[in-house]
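Student: With the sequence up front, the predicted model follows.
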Amino acid sequence: MPTRPLAYFDYLIEAFENGRTGRSAHLGHWGLLPDGRPDVNPSEPFSAAQSRLDDVMIELAKLQSGHTILDIGCGLGGLIERIDAQFREVHLTGINIDPQQLDICQRIRSRSQNIIRWSEADACDLPFESETFDRVFSVEAMFHFASRRRFLEQARRVLKPGGRLVLTDILLVDSVQTQSTPRFMIEALLNDGYGPWPDPWGESGNAFSIGENLGFANMQLIDATTSTAPTYDFIIPQQYSECRDPGSINSRAAMLLRWLHHNGGLRYEYLVANKP
C-alpha cells in the first residue's frame, strides 16, 4: 500500500458522504463497437460503467460459492459490496491503509449472509498466513504501492495453490505526444494529484513480466485502455479545456491523465494470473 493515505480520497470521501458518488473509486468500463470505439450511451450514469468494471473483474476471477476472497486497496468497499450481492457462502476481506476509508467500509452489512472483514494493512506486507485465499483482487491500486514486485510476491504468498489473482494497473508509455514533455514534469503533476505513484513508467517491470518471473501461471493481460478512456468525460467538468488551468491540483492531474489516455501516453491493463 502507499505509505500514506491518498490525498485525492479526501474529495472522494466528501462526495460519498454527501451522496454525489457511490462506493466505486475507479474508472468505468465500456464495451467496444465494431470499429473499435467505446460504446458510450450518453444517458447512462457513470456509476453504471464503474459497476461494469467490477463485473469484468468478477468474471475474470471465476468466483464460486465458498471462496475466500481478499481485496487489496479496497477503497470504499464497492467491489466487496458487489460480490456480496452476487454470491453466497463467501468470506470477504478488504484491506486499506487509510482508516477513513475503512470506517466507511465498516458500514457495509452482508445482504447474503457472507462473512465480511476489514483490516488496516500494507499491500507490501500482508498480515495473513500463506495460502489463505482462493482469490485476490486489486483494482486501480497497485500503481500506488511502494513496489509492484513486493506486492505481487505477497499476493502470490497468500493465494492458495490454484488460486487466482485479478488486478488492474496503469502504466505511462512513451508516445509522440509525451516525448515532447520532460518525464519529471508529468511525474510531478501526477504525484501532486494522485501520489504516491512510485514507478509510473514501470521501469522496474510491469505486472506481467514480474508475475512471470515470480512463477505465476496462465497469465492473461488485457489492454483496457480504450474501454476505460470515456471516464474523463464524466469526471472532468465540461467547461475545462486542456489549455485552461482548472485551479485545483486534483483536476490538473485528472486532465493530465485524460491527455495521456487519449494521446497514446497511458496504458490501462487488466491482469489475470494463477498460482500453480
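Tutor: Noted; the coordinates are in hand. Small disclaimer: the values here were computed from a predicted structure and weren't measured.
Student: The closest residue to L126 other than its chain neighbours: which element?
Tutor: The shortest distance from L126 to any non-neighbouring residue, by Cβ to Cβ, 6 or more residues apart in numbering, is to Q154 (4.6 Å). C-beta here means a position set from N, CA and C on the backbone, and glycine is covered the same way. Assigned by DSSP states H and E, Q154 belongs to helix 148-158.
Student: In that helix, which residues are buried?
Tutor: 148-149, 151-152, 154-156, 158 (16 or more other Cβ atoms under 10 Å).
Student: Could you do stretch 14-30 as well?
Tutor: 16, 21-30.
Student: Quick check: the two most widely separated of these?
Tutor: F16 and W30 (23.0 Å; Cβ to Cβ).
Student: In CSV: the buried residues of stretch 14-30, plus distance to Q100, pLDDT and secondary structure.
Tutor: Output for these, formatted as CSV (distance: Cβ to Cβ, whole Å; pLDDT from 0 to 100; DSSP: H, G, I helix; E, B strand; the rest coil):
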residue, distance to Q100, pLDDT, secondary structure
F16, 11, 93, helix
T21, 15, 94, coil
G22, 17, 95, coil
R23, 14, 97, coil
S24, 17, 96, coil
A25, 12, 94, coil
H26, 18, 96, coil
L27, 22, 97, coil
G28, 24, 98, coil
H29, 26, 98, coil
W30, 30, 98, coil
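Student: Specify which member of those residues is nearest to A48.
Tutor: For those, the nearest to A48 is G28 (7.8 Å; Cβ to Cβ).
Student: Provide a list of residues in contact with L63.
Tutor: 69, 83, 86-87, 90, 135 (Cβ atoms under 8 Å, 6 or more residues apart in numbering).
Student: pLDDT value on it, please?
Tutor: pLDDT, L63: 97.
Student: Tell me how far it lies from R20.
Tutor: Per Cβ to Cβ, to the nearest Å, L63 is found 30 Å from R20.
Student: same question, D54
Tutor: The value you get for D54 to R20, if Cβ to Cβ is used, is 19 Å.
Student: Off-centre distance for the lengthiest helix in the chain?
Tutor: Longest helix in the chain, counting residues (DSSP state H): helix 46-61. Distance of helix 46-61 from the chain centroid (Cα atoms, centre = their mean, to the nearest Å) equals 11 Å.
Student: Likewise for stretch 86-94?
Tutor: 19 Å.
Student: Kindly check the end-to-end length of that stretch for me.
Tutor: 17 Å (Cα to Cα, to the nearest Å).
Student: from now on call the first residue 23
Tutor: That works, and once the first residue is 23, the last one we named lands at stretch 108-116.
Student: tell me which residues in it are buried?
Tutor: Under 16+ other Cβ under 10 Å, the buried positions of stretch 108-116 are 109, 112-116.
Student: ok so, going back, tell me which strands and helices the next helix or strand after the helix holding Q176 is in contact with?
Tutor: Using DSSP H and E, the helix or strand that follows helix 170-180 in sequence is strand 181-194. Judged by 3 or more Cβ pairs under 8 Å, 6 or more residues apart in numbering; DSSP states H and E, the packing partners of strand 181-194 are helix 68-83, strand 155-160, helix 170-180, helix 229-236, strand 288-296.
Student: neighbours around P64, how many?
Tutor: 6 (other Cβ atoms under 10 Å).
Student: Confirm for me that L194 is in contact with E225.
Tutor: No - distance between L194 and E225: 10.1 Å, which falls outside the contact criterion (Cβ atoms under 8 Å).
Student: more neighbours, those two?
Tutor: Between L194 and E225, counted using other Cβ under 10 Å, L194 has the larger neighbour count: 21 against 8.
Student: Quick one: residues contacting the nearest residue to the more buried one once chain neighbours are set aside.
Tutor: If the residues on either side of it in the chain are set aside, L194 comes closest to P222, at 4.6 Å by Cβ to Cβ, 6+ apart. Residues near P222 by Cβ under 8 Å, 6+ apart: 165, 192-194, 208-209, 212.
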